[in-house]
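In: Predicted model and sequence below, questions to follow.
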Amino acid sequence: MRFTRRDTLKLGLKGGAALGACLAAPSIVLAQGRRPMLPYGVMSGDMLHDRAMLWAQVDRPARMRVEIADNPEFRGARQLLGPEALPDTGLTTKLDATGLSGLDTVHYRIRFEALDDRRGVSEPVVGQLRMPPASRRNVRFVWSGDTAGQGWGIDESRGGMTTYATMLSQQPDFFIHSGDTVYADGPLQESVELPDGGLWRNRVTPAKIKVAESLDEFRGQYAYNLIDANLRRFNAAVPMLAQWDDHETVNNWYPGQLLDDDRYTEKNVSLLAARARRAFLEYMPLRQRPEAPGRIYRRFAYGPSLEIFMLDMRSYRAANSRNRQASGDEATFLGQDQLRWLLDGLRSSRATWKIIASDMPIGLIVRDGDNFEAIANDHHGEPLGRELEIAELLRAIRDEAIHNVVWLTADVHYTAAHHYSPERASFKDFDPFWEFVSGPLHAGTFGPGELDGTFGPEVVYQKAPPEGQSNLPPSDGYQFFGQVDLDGESEILTVTLMDAAGNALHTQALEPQRA
């Protein structure tokens, strides 16, 4: 059965088969000790034209109950029976709510029913999300990365993670978290002395006093961030498309790595990454498919004008190295399966704009000691190493006349606009394109970085700390996010780089190229 706005108002609770079993809400017992609680709020994400993921966590084993409506008063709401929250998922739950086509804004309300007493029902927590449009309309979304890194946690005396509040004030339709959603390798101290003599006072939990190694410690990284009221309010109002990078596990990791770090008793990074992936999937509103339950790369059409391709540049890479291999087989980065998936998706996409959400930049040189962590290898010549996959991708985009591809990324802890052109490049077989960099959301600020000339990047704009300064605290103002506005009529895509106070730093208006 298809769930439409008219169905909601007309049928009430009668026709919810597409969304799940309909049920009557039990009476609520007021005895606080018998009621479950939702300490970390609610969130939504992975929106498709007729469905979206809903997420919540509860403080004890309990059953999720969800109400969905097209109005904030929940008139004619449908009630859904969700899954049980159990310890083996860290008491997190996700419901893939289907049949939402025809709705513009979905209002949802989540409660939990105690498993040992059906009368013990939590207070409701309310959220909303805007669905992808069926026809052209204005769309606004934001992106950034890097939350609670480099020792800068939640200082409630300074307002907490205020960039999330600023992003919320922009009223975006959705948010792309570009990775480093947590810093599992970054323990916090209760206080950090600032250069001006002041103190940064971190709120600290048991999970944040050491590096994460166990599954519960990885879960604790996400729970810590959700203590922040700004983040909870943002999550309740703005659906998220999440990807991961390195700090969800450990800095600059790759599969098969063995750690040389005295902080860790577990040295097997692949084992740490398996635990980290599970915690990431539990705490993010990410849809898991039976055929690939741990896969993070995926795509989302957001109406006829926009499609988002979320990459995973961490799971399939070869070891970090000098990155000068002549064969791509020896320097895997995306991996051939993901690369084919991306090219097939770009070919088949009917959207005017194709956004590649990349957890790492293309042309910025990111070092890992004497090796390289990202794509660029500081060679400035023909593609070598990990650049070979990107060259293959860019050549195919040109040869198959795939227009209006824009890259969005984070990772490097400053903001920039880069234009790539074959006229400046060592490798010539591609069409010009833009890459926009943003972040951090709430972490130390660094940069700017050096560009590799292989694909001809040029800095059009950048903002980073003054020369000689690094790891600046969030209180210094060098926190950034990007905003993208799509005009529904003209389909002009406007990218604005913004700071944590909501100031527009740089604006780039991109006109669509027609076939």
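Out: Ah, there it is. Remember, it's a predicted structure, so these values are computed and weren't measured experimentally.
In: and the closest residue to residue 288 other than its chain neighbours, which of the three is it?
Out: Closest residue in space to residue 288, ignoring its immediate chain neighbours: residue 281 at 6.2 Å, by CB to CB, 6 or more residues apart in numbering. (Glycine included, C-beta is placed from N, CA and C.) Under DSSP: H, G, I helix; E, B strand; the rest coil, residue 281 falls in the helix class.
In: what's the first-to-last distance across stretch 253-262?
Out: 16 Å (CA to CA, to the nearest Å).
In: ok, now stretch 81-90?
Out: OK, stretch 81-90 end separation, CA to CA: 19 Å.
In: Listing request: residues of the stretch 51-200 of the chain with sub-threshold pLDDT.
Out: Applying pLDDT under 70 to the stretch 51-200 of the chain flags no residue at all.
In: rerun that using 90 as the cut-off
Out: 116-119, 195 (pLDDT under 90).
In: need the helices for it, in chain order.
Out: With DSSP state H, counting those that start in this stretch as the definition, the stretch 51-200 of the chain shows helices at residue ranges 162-169.
In: export stretch 478-485 as CSV, just CAs?
Out: Extracted C-alpha coordinates of stretch 478-485, given in CSV (Å, rounded to 0.1, in the frame of the first residue of the first chain):
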residue,chain,number,x,y,z
TYR,A,478,38.0,28.8,12.5
GLN,A,479,35.1,26.3,12.2
PHE,A,480,33.4,25.9,8.8
PHE,A,481,30.6,24.3,6.9
GLY,A,482,29.4,24.5,3.3
GLN,A,483,26.0,25.4,2.0
VAL,A,484,24.6,24.4,-1.3
ASP,A,485,21.5,26.1,-2.8
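In: And for the residue nearest to residue 288, the neighbour number?
Out: 20 (other CB atoms under 10 Å).
In: That one contacts residue 294, correct?
Out: Yes - because the distance of 6.9 Å satisfies CB atoms under 8 Å, residue 281 is recorded as touching residue 294.
In: so after the lowest-mean-pLDDT helix or strand in the chain, what's the next helix or strand?
Out: Least confident helix or strand, the chain: helix 5-11 with a mean of 33, by mean pLDDT, DSSP states H and E. Sequence-wise, the next helix or strand downstream of helix 5-11 (DSSP states H and E) is strand 42-48.
In: any idea how far that next one is from the chain center?
Out: 11 Å (CA atoms, centre = their mean, to the nearest Å).
In: What of stretch 50-70?
Out: 20 Å.
In: Likewise for stretch 354-361?
Out: That offset, for stretch 354-361, works out to 11 Å (CA atoms, centre = their mean).
In: what about that stretch, average pLDDT?
Out: Across stretch 354-361, the average pLDDT comes to 98.
In: buried ones in it?
Out: 354-361 (16 or more other CB atoms under 10 Å).
In: Please enumerate residues in contact with it?
Out: Identification of contacts with stretch 354-361 by CB atoms under 8 Å, 6 or more residues apart in numbering yields 143, 145, 176, 178-179, 241, 243-245, 306-314, 342, 346, 366, 373-376, 402, 404-412, 418, 435, 437, 449, 484.
In: at 7 Å instead, please
Out: With contact meaning CB atoms under 7 Å, 6 or more residues apart in numbering, stretch 354-361 is reached by 176, 178-179, 243-245, 306-311, 313-314, 346, 366, 374-375, 404-409, 411-412, 435, 437.
In: Then stretch 327-335?
Out: The contact list for stretch 327-335, computed with CB under 7 Å, 6+ apart, reads 311, 313, 316-318, 323, 325, 375, 385-386, 388-389.
In: cutoff 8 Å now
Out: Contacts for stretch 327-335 (CB under 8 Å, 6+ apart): 311-313, 315-318, 321, 323, 325, 342, 375, 384-386, 388-390, 392.
In: same question, stretch 458-467
Out: Under CB under 8 Å, 6+ apart, the answer for stretch 458-467 is 414-421, 424, 437, 445-448, 451, 472, 476, 478, 480, 497, 499, 505-506, 508.
In: distance between it and the chain's centre?
Out: 24 Å.
In: for the stretch 401-515 of the chain, which spans come out with low pLDDT?
Out: Checking the stretch 401-515 of the chain against pLDDT under 90 turns up 514-515.
In: My understanding was that residue 385 contacts residue 374; is that so?
Out: No - here residue 385 does not reach residue 374: they are 10.6 Å apart, not a contact under CB under 8 Å.
In: Please say which of these two ends up with more neighbours.
Out: A side-by-side neighbour count of residue 385 and residue 374, using other CB under 10 Å, places residue 374 first with 28 against 24.
In: tally of neighbours for the nearest residue to the more buried one once chain neighbours are set aside?
Out: Spatial nearest neighbour of residue 374, chain neighbours left out: residue 366 (3.8 Å); criterion: CB to CB, 6+ apart. Under the neighbour criterion other CB under 10 Å, residue 366 is assigned a count of 17.
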